[in-house]
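Asks: Quick one, fold the following:
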Amino acid sequence: MPPIFRRLAESASLTLLLMMVSCTETQELKQNNNPDSYRVKEDVNWASPRGFNLTMDIYTPESGRDAYPVIVMFHGGGFLLNDKSIMDQTAAYLATNSEFVVCNVNYRLLSDIDNTTTLDEIVGDAFGAVLWVKENIGYYRGDGSRIAVTGDSAGGHLSAMIVNMGEELSSQGFSPDSLQFQPSYLQAGESAEEVSLRQGLAVQAAVLSYPYDFYQGALDGFEDATNPLWLINGVVGRGVFGEPFNIVDHEQMYEAVSPIDNIPLFSERTLPPQLLIVGSEDPLVTPSSIKAYHAALQAAGQQSQYWEYVGKSHAFLDSGSNMILGSSFEADAPPALDVMISFLNQVFYGEHAEKQR
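Replies: Alright, predicted model coming up:
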């Protein structure tokens with residue numbers, strides 16, 4: 001990811017950078033999005049940390065089941081771009097072609113609240129979204145005891161944090177002395193510590209689409225003012241944990257938000273089955289980095305599958321098309337989403353689900 005940031009900062013104009021954000025297609029194939037197959041509740045407000053309203057769209061299939069497993073989905077954008085709308089087509093495809101309730105989630109960006117949002121707060125938003133879903137998804141015919149998390153790029157990173165660090169919770173919040181996270185949503189009367197004790201953030205599956213290693217990204221200059229993702233939002237690059245923290249003097253804070261540095265041994269804690277997806281031509285999150293994560297999971301005794309999408313670049317799950325990366329939802333996303341659906345069907349409806357009962 002960071003090497004291409006450097007190349008863009010050296011050679012691209014702001015106009016070119018703005019083109020990195022996908023444009024919405026005007027027409028969709030019915031097999032990709034059939035509104036008769038589901039109903040959707042848009043912009044459900046699930047939390048308002050520091051007065052900033054967070055929403056999600058909830059898609060419920062119309063196939064007649066009493067309850068469905070749930071996919072909680074986080075969008076990509078380097079923690080600085082996009083919102084849940086970038087995943088609208090992916091959410092609609094999943095709702096059209098699978099038997100899952102789909103929650104397409106908004107979280108804060110680093111540039112939000114006058115460029116004061118910190119990365120640990122964003123992780124707390126992801127944690128809070130899962131807690132809200134578990135408590136409330138029954139109103140939308142979802143089964144809060146059968147949850148899968150997924151996301152692409154930054155969203156994949158957040159999903160991995162839920163899986164690996166979902167027990168590292170504290171009411172004190174994140175600091176060099178307490179490398180634990182405070183969820184943005186908690187059930188009334190329950191503390192972060194109580195959620196941790198009952199393993200309240202445990203999920204049953206994860207699909208990580210081209211997630212990146214934020215620790216390495218910080219080493220390579222993510223926080224630098226020349227990173228164009230900050231400039232697109234009209235803010236100056238800064239330390240993601242605020243002043244005075246930096247990766248040189250506070251390395252442990254950055255490692256705490258790096259999933260690959262926080263994989264528990266199977267003998268200590270069993271992680272859910274995971275599917276890792278990456279494009280073979282991805283210049284931002286390389287296949288070698290995802291293979292390294294896959295190997296680290298397996299070395300720890302955890303269940304992990306790896307799928308490489310031959311010939312594809314970054315952001316192939318985003319709505320619309322991306323002229324810079326050469327991706328298009330209609331052309332590129334369905335095969336990857338079918339792999340994802342097959343994996344989740346096996347976990348929640350197949351042999352693995354029988355073993356869990």
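Asks: all contacts plus neighbour counts: C-alpha atoms, from now on.
Replies: Fine.
Asks: can you give me the strands for the stretch 51-200 of the chain?
Replies: Counting by DSSP state E, counting those that start in this stretch, the stretch 51-200 of the chain has strands at residues 54-61, 68-74, 101-105, 142-152.
Asks: looking at the ones you listed, which is buried most?
Replies: Scoring those by mean neighbour count under mean count of other C-alpha atoms under 10 Å gives strand 101-105 as the most buried, with a mean of 28.
Asks: Among the strands of the stretch 51-200 of the chain, which comes closest to residue 182?
Replies: Proximity to residue 182 (C-alpha to C-alpha) singles out strand 54-61 among the strands of the stretch 51-200 of the chain, at 15.7 Å.
Asks: Can you list the helices and strands that that closest one packs against?
Replies: When contacts are defined as 3 or more C-alpha pairs under 8 Å, 6 or more residues apart in numbering; DSSP states H and E, strand 54-61 sits against strand 38-47, helix 88-97, strand 101-105.
Asks: Count residues in the vicinity of residue 98, would you?
Replies: For residue 98, the count of nearby residues is 19 (other C-alpha atoms under 10 Å).
Asks: Tell me who's in contact with it.
Replies: The contact partners of residue 98, by C-alpha atoms under 8 Å, 6 or more residues apart in numbering, come to 61, 341.
Asks: three-state assignment of residue 270?
Replies: Three-state assignment for residue 270 (DSSP: H, G, I helix; E, B strand; the rest coil): coil.
Asks: Burial check on it, number of neighbours?
Replies: With other C-alpha under 10 Å as criterion, residue 270 counts 15.
Asks: Looking at it now. What's its pLDDT?
Replies: Note on residue 270: pLDDT of 98.
Asks: ranges for the helices of the stretch 251-357 of the chain?
Replies: Using DSSP state H, counting those that start in this stretch, the helices found in the stretch 251-357 of the chain span residues 251-256, 287-299, 329-349, 351-356.
Asks: Same list (those helices) but as JSON lines, adding mean pLDDT, mean neighbour count and distance to residue 205.
Replies: Shown next, in JSON lines, are these (pLDDT from 0 to 100; neighbours: other C-alpha atoms under 10 Å; distance: least, C-alpha to C-alpha, whole Å):
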{"stretch": "helix 251-256", "mean pLDDT": "98", "mean neighbour count": "20", "distance to residue 205": "22"}
{"stretch": "helix 287-299", "mean pLDDT": "98", "mean neighbour count": "17", "distance to residue 205": "14"}
{"stretch": "helix 329-349", "mean pLDDT": "97", "mean neighbour count": "18", "distance to residue 205": "7"}
{"stretch": "helix 351-356", "mean pLDDT": "55", "mean neighbour count": "11", "distance to residue 205": "11"}
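Asks: which one of these lies closest to residue 199?
Replies: Here helix 351-356 is closest among these (C-alpha to C-alpha), at 16.9 Å.
Asks: before we move on, the earlier item: pipe the helices of the stretch 251-357 of the chain into TSV and attach distance to residue 105 per row.
Replies: Formatted as TSV, the helices of the stretch 251-357 of the chain follow (distance: least, C-alpha to C-alpha, whole Å):
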stretch	distance to residue 105
helix 251-256	23
helix 287-299	24
helix 329-349	18
helix 351-356	26
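Asks: Return the most buried member of the helices and strands packed on strand 54-61.
Replies: strand 101-105 (a mean of 28).
Asks: Residue 271 and residue 181, how far apart?
Replies: Residue 271 sits 19 Å away from residue 181, going by C-alpha to C-alpha, to the nearest Å.
Asks: Tell me which of these two has more neighbours.
Replies: A count of neighbours by other C-alpha under 10 Å puts residue 181 above the other of residue 271 and residue 181, at 27 against 23.
Asks: show me what contacts the nearest residue to residue 53 once chain neighbours are set aside?
Replies: Of all residues beyond its chain neighbours, the one nearest residue 53 is residue 47 (6.1 Å), with distances taken as C-alpha to C-alpha, 6 or more residues apart in numbering. Applying C-alpha under 8 Å, 6+ apart, we find residue 47 in contact with 53-55, 128, 184-185.
Asks: for the residues you listed, which one is nearest residue 212?
Replies: Closest to residue 212, out of all of those and judged by C-alpha to C-alpha, is residue 128, at 21.4 Å.
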